[in-house]
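# Quick one, what's the 3D model for this:
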Amino acid sequence: MEQLQATLDQISAFVWGPFLLIPLLLLTGLYLTVRLGGLQFRVLGHALWLALVRRKEATSCTGDVSHYQALATALAATIGVGNIAGVATAIGIGGPGALFWMWITGLVGMATKYSEGLLGVKYRQVDAKGEQSGGPMYYLTNGVGGRWGKALGVAFALFGAIAAFGIGNMVQANTAAGQLEATWDISPTWSGLVLAVCAAAVILGGIKSIARFAAGVVPLMCVLFILANLLVLVVFADRLPAALAMVFTDAFSGTSAAGGFAGSAVILAVQMGVARGIFSNESGLGTGAIAAASAITDQPVRQAMVSMTQTFIDTLIMVTLTALTIIVTGAWMQEGLAGAPMTAWAVEQAVGGGWGNVMVALGVLVFSFTTLLGWCYYGERCIEMLVGRRGVLPYRIAFSLVVYVGAVLSLEMVWTFSDIANGLMALPNLIGLLLLSGVVANETRKYFANPEWRKAE
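All right, here's what the predicted structure looks like:
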């Protein structure tokens, strides 16, 4: 087992090293930001209005779920344990400076997520069941086209179907089971079984069932999560200026708790910030395009704007609050704390009485469950592209069973596997985004060339 872990660590280090995915992710996001004229900054307010106020389009438009339900499904898949355990891991290993790189990943990632959403809707197609299917596997195959486009599409679908078992399944179940055991001494065997059964009950209903559940639960869990972190920041408000200063200085000095404050390499802060940032908001992975493709809409640009708000909400709000909570309380410097227990310890410093552990345990449980639902949908769409509708039901069953497996595996191996799977999934998608950036720019230009575009909403 130790040899397997060592091998996985080496693969992960290469995939997420300074010469492959990290520069490709950041440079792709930066390139799209420039090509779109900083669109994520110019129309963010309008995008939030579309997503949270307008919420849906005319029922005459094609699609399966509303603007808001598509966003809620994407948020359900991204606002998971990455926002609790993943952020804690990034700060604990990479130091406070990792937050800076998570911000950078989120800011340029909004342009990436916008592009994914636009292409997801533009190249979607109706499957044998009459539902909308879309995502990188389709815009690579039909947009890029040719032998290379098909190869990239198949590669994404294959890696996506596998990655769903890591980032969206085993990581979620493992963290939830670990937190429940630490808080209430519940055996991972039992928590894994319960999670698997509950997940299957919703998953077997398909996208509409998942979207309805997510639309009801996601807003509540986001509000409670934000309030818990804000409480900590209010209690430790005097430490907030120093914490923010540390984020910026350590981003370029690489101080980390894991390095014993000896000044670890800057690349560690960058690597943890980008890897955990992308784990949290998924910009560049292409998954957001799968959710966007299910939306009821006749305009790819509008759904793309809604899609990019997911990255803003996830990283610029949720991740930031968690990270600052960990930094101002000094949780990242406590020996023996890692993952969700680190976040729980931080919250406990403000609320006391054991309520911090309870709040985080409940948050982990809800977040992990909703993420399981969203990622099963992503994985089944990938399987559908590879083998057709006949593969969907077996995939849903297998996905539900693996929830139990993830609950009892070692945390380190699960996280490493997920990082590798994410990287393999992101590569074909990022290549496709670069090749199709002209399509994204042209669609965007045509839409905003109409001076009535705001009124038309």
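
# Any stretches of this protein with poor pLDDT?
17, 55-64, 67, 80-81, 254-267, 279, 411, 414-415, 452-457 (pLDDT under 70).

# Would you map the strands across this protein?
125-126, 132-133 (DSSP state E).

# Comparing those, which comes out most buried?
Ranked by mean neighbour count, those are led by strand 132-133 with a mean of 23 (mean count of other C-beta atoms under 10 Å). Every residue, glycine included, has its C-beta placed from N, CA and C.

# and that strand, what does it pack onto?
Packing partners of strand 132-133 (3 or more C-beta pairs under 8 Å, 6 or more residues apart in numbering; DSSP states H and E): strand 125-126, helix 355-387.

# Tell me the buried residues in stretch 367-384?
The neighbour-count check on stretch 367-384 (16 or more other C-beta atoms under 10 Å) flags 367-384 as buried.

# Equivalent analysis for stretch 124-142, please.
Along stretch 124-142, these residues count as buried under the neighbour rule (16+ other C-beta under 10 Å): 124, 127, 131-142.

# what two of the residues you listed are the furthest from one another?
Greatest spatial distance in those: Glu131 and Leu140, 20.0 Å, computed using C-beta to C-beta.

# Surely Gly432 and Lys150 touch.
No - checked against C-beta atoms under 8 Å, the pair Gly432 and Lys150 is beyond contact range at 11.6 Å.

# Which of those two has more residues huddled nearby?
The neighbour count for Gly432 versus Lys150, taken as other C-beta atoms under 10 Å, is higher for Gly432 (27 against 15).

# check contacts around the more buried one.
Leu119, Pro136, Tyr139, Leu140, Gly143, Val144, Gly149, Leu152, Phe156, Gly286 (C-beta atoms under 8 Å, 6 or more residues apart in numbering).

# wait, isn't the first one in contact with Val440?
Yes - here Leu119 reaches Val440: they are 6.6 Å apart, a contact under C-beta under 8 Å.

# shared neighbours, Gly432 and Lys150?
Leu140.

# Go through the strands of the chain and name the closest to Ala70.
Among those, the nearest to Ala70 by C-beta to C-beta is strand 132-133 (10.0 Å).

# Distance from the chain centre to that closest one, please.
21 Å (C-alpha atoms, centre = their mean, to the nearest Å).

# for stretch 391-398, same thing?
23 Å.

# residues in contact with that stretch?
If you take C-beta under 8 Å, 6+ apart as the criterion, stretch 391-398 is touched by Ala161, Ala200, Ile203, Leu204, Cys376, Gly379, Glu380, Ile383, Glu384.

# thinking again about what came up before, what touches both of Leu119 and Val440?
Common neighbours of Leu119 and Val440 are listed as Leu433 (criterion: C-beta under 8 Å, 6+ apart).

# quick one, what contacts the residue nearest to Thr183 when sequence neighbours are not counted?
What sits nearest to Thr183 in space, not counting adjacent residues and going by C-beta to C-beta, 6 or more residues apart in numbering, is Ala361, at 4.1 Å. By C-beta under 8 Å, 6+ apart, the contact set of Ala361 is Gln179, Leu180, Ala182, Thr183, Trp184, Ala344.

# From the residues you listed, list just the buried residues.
Using 16+ other C-beta under 10 Å, the buried members of those are Gln179, Leu180, Ala182, Thr183, Ala344.

# what's the farthest-apart pair in the residues you listed?
Leu180 and Ala344 (11.8 Å).

# just the contacts of Gly432 now: which is nearest Ala6?
Distance to Ala6 across these (C-beta to C-beta) is lowest for Phe156, with 28.3 Å.

# In this structure that closest one contacts Ala426, no?
No - in this structure Phe156 lies outside contact range of Ala426 using C-beta under 8 Å: 9.0 Å.

# Need the overlap of contacts for those two.
Residues touching both Phe156 and Ala426 by C-beta under 8 Å, 6+ apart: Gly286.

# Could I get the full set of helices for the stretch 51-200 of the chain?
All helices of the stretch 51-200 of the chain, identified by DSSP state H, counting those that start in this stretch, fall at 67-78, 85-94, 97-122, 136-138, 146-165, 171-184, 188-203.

# Now tell me what touches the shortest one from outside.
I take that to be helix 136-138. Applying C-beta under 8 Å, 6+ apart, the external contacts of helix 136-138 come out as 116, 119-120, 123-125, 153-154, 156-157, 160, 286, 289-290, 293, 381-382, 385, 428-429, 432.

# Show me just the buried residues among the residues you listed.
Among those, those scoring as buried are 116, 119-120, 123-124, 153-154, 156-157, 160, 286, 289-290, 293, 381-382, 385, 428-429, 432 (criterion: 16+ other C-beta under 10 Å).

# burial count for Leu401?
Neighbours of Leu401 (other C-beta under 10 Å): 13.

# how about it, what does it touch?
Contacts here follow C-beta under 8 Å, 6+ apart; on that basis Leu401 touches Ala196.

# ok, so what distance separates the closest residue in space to Ile91 that isn't next to it in sequence from Thr343?
Distances taken as C-beta to C-beta, 6+ apart place Trp332 nearest to Ile91, at 4.6 Å, with adjacent residues excluded. Distance, Trp332 to Thr343, by C-beta to C-beta, to the nearest Å: 10 Å.

# what about those two, which has more around it?
Set Trp332 next to Thr343 and count neighbours by other C-beta under 10 Å: Thr343 wins out with 34 against 25.

# what's the distance between the more buried one and Val87?
With distances taken as C-beta to C-beta, Thr343 is found 7 Å from Val87.

# Which neighbours do the two have in common?
What both Thr343 and Val87 touch, as defined by C-beta under 8 Å, 6+ apart, is the set Thr322, Ile326.
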